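Asker: model this:
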Amino acid sequence: DNIPPLGERYCTASANSTGGPARLDAAGSSSASAADLALTSRPVPNMPGIFLHGSERSDIPFGDGRLCTRGDLRRSAIVAAGANLASYTYDRSDAQHDLAPFVGQTRHFQHWFRDPAAGGAGFNLSDALAISILP
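Answerer: Have a look, this model is predicted:
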């Protein structure tokens, strides 16, 4: 099967202490009722972070990287990365995991993570994905 990628990639991530920039990928679907939108960010340091989404694109310096989303920002629960990978699924298990309030909107997703080993501000971000949330 030739499944198209989920979401439109934008914004350039900066290299982090793993040596490369963090890339955000999405799997599952963008259907809020299916509750299976799974995001992964890699390579990232094995540190805590959060996935976030907002109503608008941005591209402004933030920490050791770029903040690629803004407007009505929503944060995930804190997620610890392991094996240089962080993941989060919007499975409707609680308000932080629910995309139903955003049906009909395009949301702009990004991963923010601690990165003290890199020096500088001690945190960085992935690139971003614009995803249209379906019923």
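
Asker: can you pull the contacts of the most centrally placed residue in the chain?
Answerer: Residue closest to the average C-alpha location in the chain (CA atoms, centre = their mean): residue 110, at 2.9 Å. The neighbours of residue 110, taking CB atoms under 8 Å, 6 or more residues apart in numbering as the test, are 11, 24, 51-53, 67-69, 125-129. Every residue, glycine included, has its C-beta placed from N, CA and C.

Asker: list the beta-bridge partners for residue 49.
Answerer: Using DSSP bridges, the bridge partners assigned to residue 49 are residue 79, residue 113.

Asker: residue 87 in helix, strand or coil?
Answerer: strand (DSSP: H, G, I helix; E, B strand; the rest coil).

Asker: what's the separation between it and residue 71?
Answerer: For residue 87, the distance to residue 71 equals 25 Å [CB to CB, to the nearest Å].

Asker: if you count what's nearby, which of the two comes out ahead?
Answerer: residue 87 (16 against 11; other CB atoms under 10 Å).

Asker: appreciated, that's everything.
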